[in-house]
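Undergrad: Just a sequence and a predicted model for now, questions to come.
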Amino acid sequence: MTVSSGSAGWYLRRLSRMGPAEVGGRVGDAVRRRRWRSARPHCPSVTGARFTAVLPAGTIAGIPPDAAKRLLAEADRLMYGHAEYFGVVRDDLADPDWWYDPKTGRRAPYGYAFDVPYRNEDAVGDIKQIWEPSRHQYLTVLAAAYAITGQERYAERVAEHLRSWWAANPPLRGVHWISGIELSIRLLSWVWIRRLLDDWPGAAGLFEGNPVALNQIWHHQRWLAAFPSRGSSANNHVIAEAAGQFAAACAFGWFPSSARWRAGALRSLERHLRGNTFASGLNRELATEYHGLVLELGLAAVAEADAADVPVPSTVRLVLLRMTDALAAVVDGRLRPPRQGDADDGHGLVVDGAGTDRWASLLTTGDAVFGRLAWWPTVTGTDVRTPLLAALIRPGVRGVTRPARRPDHFADAGMTILRGPAEIWCRCDGGPHGFLSIAAHAHADALSVEVRHDGVDVLADPGTFCYHGQPEWRQYFRSTLGHNTLRLDGGDQSVSGGPFLWTRHARTRVLVADTPDDGVARWCAEHDGYQQSVHRRRVELTPASQELRVVDEVRGPRRDVHLAFHLGPAITADLADNQAVLTWTRDGEDRSAVLDLPGQLSWRAHRGETDPPLGWYSAGFGRKEPTTTLVGTGFADGAEGFTTVLRFHG
């Protein structure tokens, strides 16, 4: 069933997932929005403002030459107006229309911000396409290019675009004043733009000497203080809001309310970093890209605190340390993390060019700030961001016990990684269905597996592709059939109430997680998402034979079964009866495997189907490509399990 947001039914379902405190807070927000429609105060007068949160001398000289080269190539593409956002290539960024969506050709309506129906693609366009350039992360790239080269053309373009944006988007007017995460990331970008342009003669006149800039900075912070994400929405958004507010209140602490904003944002950041993170260090949303986003935002916030000499609770650094160690633990041999849950290509701070690996960059920063452990994977890439952050952040966390060996099982998150020879990597999902009552970024993927060989997706998690505007695709990519698991009677394990809302959550428990250094690794878990039936899955990885065995059992009445295995886009499959021969190429070498599928089921290969969608892989938000999905259909009557065996060759 496809459910859209904005209908009366959706509002009732959404309301049912809120507690009394959240309802009260949202009522207060509604009253405040109504009052702000006519009461728009002016920014208080600011005199003598100075920007002091500069980079230490010699920081720019420490940027690795190859990272600088990638950055400058990206900056020059941007200077010509070329960029790509979520699969849409743009050539209009030399003089952007801040409200235009090139994907649909629509332009967002003007008016009071809270009246704009931003979830309605027919009225506004694709909101992600409109919002993304206005995070101004492409301007941080241009500012970094100026810092490296001293060429004023980069600084002048940044100044031109900021003045254009400020003129086109006065406070509370239009689509860019709706979402707190957008305001907060934009503020963080402005902080870094000012820092990277510090040697440019026009920097002070663009920011602290510019009444328009001061008005924008003040109104952004006033907005964030007034409308925090609440209750069931207090996920990565509230962390972004706190990080952006804190960064601005530290670096742009020029206003009468700056100290209050700074203190409130730091309290929120500390509370929600702890609340959004398992003790193991994994993000509670169980959506890997949001783990990366939150880690980036947290590191950026700590950098501002240390630059401004603002004390930060030790728990903030401790959470970031645990998140970094957890990331180092779960990546495969090519430093790719799991493709779990939603992913929208969101970043906290962008100062690198195309070709810089996000996850390698985070681990490099973690090494510089916290120190690497002996079991961490080797990181060979370079980046611009690490030397910039490391120049500001005071390294180390005292009195902390870190894992002596690489963790494989994260009991609180329900994630288990099985590893074998030739870089066989298998993620088993036995965790909670997302975070908070709405589990906004969760997928109906209980007991799914994700298998790679030397970094190549063999049994793949298909990804996310979209959020708004294409409900049938949103439904597919988060569905049970859209993952490597078993579906009963044509329904999802958890019940969706909207594109970011689940009204019933499957409960999963891990029964076995045995990951020895040598020998057979075993995992077993079950979930209760299907009424009157329990799905139990056992997975065994035998290193000696490079064999992965998956056994699915269903206890309960006779049910229709769909068992899906999604192959990665590099995999070619030759299916005959219940056996598929898989082939692919890695670094010029031919690789292969055999997938023996349960004989009790009837098997078909699906590729690039659209009605309904089936057989797709999304490498990034807004992008999808056909791939092969093997689906077995039949019945489960509790008499015997379904056994699947994947054997890799040499």
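TA: All right, it came through fine.
Undergrad: And the helices in the stretch 301-450 of the chain, which stretches?
TA: Under the criterion DSSP state H, counting those that start in this stretch, the stretch 301-450 of the chain contains helices at 314-330, 358-370, 385-392.
Undergrad: now the shortest one: mean pLDDT?
TA: Right, the one you point to is helix 385-392. Averaged across helix 385-392, pLDDT comes to 98.
Undergrad: what angle separates that helix from helix 358-370?
TA: In terms of direction (axes from the mean of the first three to the mean of the last three C-alpha atoms, to 10 degrees), helix 385-392 departs from helix 358-370 by 20 degrees.
Undergrad: what does the first one give?
TA: If you take the same axes, to 10 degrees, helix 314-330 sits at 130 degrees to helix 358-370.
Undergrad: Show me what helix 314-330 packs onto, helices and strands only.
TA: helix 258-275, helix 288-308, helix 358-370, strand 409-410, strand 415-420 (3 or more C-beta pairs under 8 Å, 6 or more residues apart in numbering; DSSP states H and E). Every residue, glycine included, has its C-beta placed from N, CA and C.
Undergrad: Quick check, residue 427 in contact with residue 337.
TA: No. Between residue 427 and residue 337 no contact is recorded; they are 9.3 Å apart, counting by C-beta atoms under 8 Å.
Undergrad: When these two are compared, which one has more neighbours?
TA: Neighbour count, other C-beta atoms under 10 Å: between residue 427 and residue 337, residue 427 has more, with 24 against 20.
Undergrad: Identify the residues contacting the residue lying closest to the more buried one once chain neighbours are set aside.
TA: Distances taken as C-beta to C-beta, 6 or more residues apart in numbering place residue 450 nearest to residue 427, at 4.3 Å, with adjacent residues excluded. By C-beta atoms under 8 Å, 6 or more residues apart in numbering, the residues touching residue 450 are 338, 339, 340, 426, 427, 429, 457, 459, 460, 461, 484.
Undergrad: Format the residues you listed as CSV; extra columns: distance to residue 35 and pLDDT.
TA: CSV is the format used below for these (distance: C-beta to C-beta, whole Å; pLDDT from 0 to 100):
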residue, distance to residue 35, pLDDT
338, 45, 98
339, 44, 98
340, 41, 97
426, 54, 98
427, 48, 98
429, 46, 98
457, 51, 98
459, 54, 98
460, 50, 98
461, 45, 98
484, 50, 98
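Undergrad: what about the nearest residue to residue 249 once chain neighbours are set aside, distance to residue 236?
TA: Of all residues not flanking residue 249 in the chain, residue 262 sits nearest, at 3.6 Å (C-beta to C-beta, 6+ apart). Note on residue 262: its distance to residue 236, by C-beta to C-beta, to the nearest Å, is 21 Å.
Undergrad: Residue 514 reaches residue 522, doesn't it?
TA: Yes. Here residue 514 reaches residue 522: they are 4.5 Å apart, a contact under C-beta under 8 Å.
Undergrad: quick one, which of these two is more surrounded?
TA: For residue 514 versus residue 522, the count of surrounding residues by other C-beta under 10 Å is larger for residue 522: 19 against 15.
Undergrad: where does the more buried one land in three-state SS?
TA: What DSSP: H, G, I helix; E, B strand; the rest coil gives for residue 522 is strand.
Undergrad: need the contact list for it.
TA: Taking C-beta under 8 Å, 6+ apart, one finds 512, 513, 514, 538, 539, 540 in contact with residue 522.
Undergrad: Helix or strand with the lowest mean pLDDT in this structure?
TA: Across the helices and strands of the chain, mean confidence by mean pLDDT, DSSP states H and E is lowest for helix 8-16: a mean of 67.
Undergrad: Please point out which parts of the next helix-or-strand element following it sit buried.
TA: Downstream of helix 8-16, the next assigned helix or strand under DSSP states H and E is helix 20-36. By neighbour count with 16 or more other C-beta atoms under 10 Å, helix 20-36 contains the buried residues 22, 25, 26, 33, 36.
Undergrad: what does stretch 491-505 give?
TA: Judged by neighbour count (16+ other C-beta under 10 Å), stretch 491-505 contains these buried residues: 491-503, 505.
Undergrad: Out of these, which is nearest to residue 253?
TA: Closest approach to residue 253 among the buried residues of stretch 491-505 (C-beta to C-beta): residue 500, at 34.5 Å.
Undergrad: Which parts of the stretch 401-550 of the chain are strands?
TA: Taking DSSP state E, counting those that start in this stretch, the strands of the stretch 401-550 of the chain run over residues 409-410, 415-420, 424-429, 449-453, 456-459, 486-488, 495-498, 501-504, 508-514, 521-527, 534-542, 547-555.
Undergrad: So for residue 620, which of those sits nearest?
TA: strand 456-459 (13.6 Å).
Undergrad: Between residue 427 and residue 337, which contacts overlap?
TA: By C-beta under 8 Å, 6+ apart, the residues touching both residue 427 and residue 337 are residue 330.
Undergrad: For the contacts of residue 450, give me CSV that also has distance to residue 77.
TA: Shown next, in CSV, are these (distance: C-beta to C-beta, whole Å):
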residue, distance to residue 77
338, 31
339, 27
340, 31
426, 38
427, 35
429, 38
457, 28
459, 36
460, 30
461, 31
484, 37
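Undergrad: thinking again about what came up before, need the strands of the stretch 401-550 of the chain in JSON lines with distance to residue 472, can you?
TA: Shown next, in JSON lines, are these (distance: least, C-beta to C-beta, whole Å):
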{"stretch": "strand 409-410", "distance to residue 472": "33"}
{"stretch": "strand 415-420", "distance to residue 472": "29"}
{"stretch": "strand 424-429", "distance to residue 472": "24"}
{"stretch": "strand 449-453", "distance to residue 472": "24"}
{"stretch": "strand 456-459", "distance to residue 472": "24"}
{"stretch": "strand 486-488", "distance to residue 472": "17"}
{"stretch": "strand 495-498", "distance to residue 472": "13"}
{"stretch": "strand 501-504", "distance to residue 472": "17"}
{"stretch": "strand 508-514", "distance to residue 472": "27"}
{"stretch": "strand 521-527", "distance to residue 472": "25"}
{"stretch": "strand 534-542", "distance to residue 472": "25"}
{"stretch": "strand 547-555", "distance to residue 472": "27"}
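Undergrad: Sounds good, over and out.
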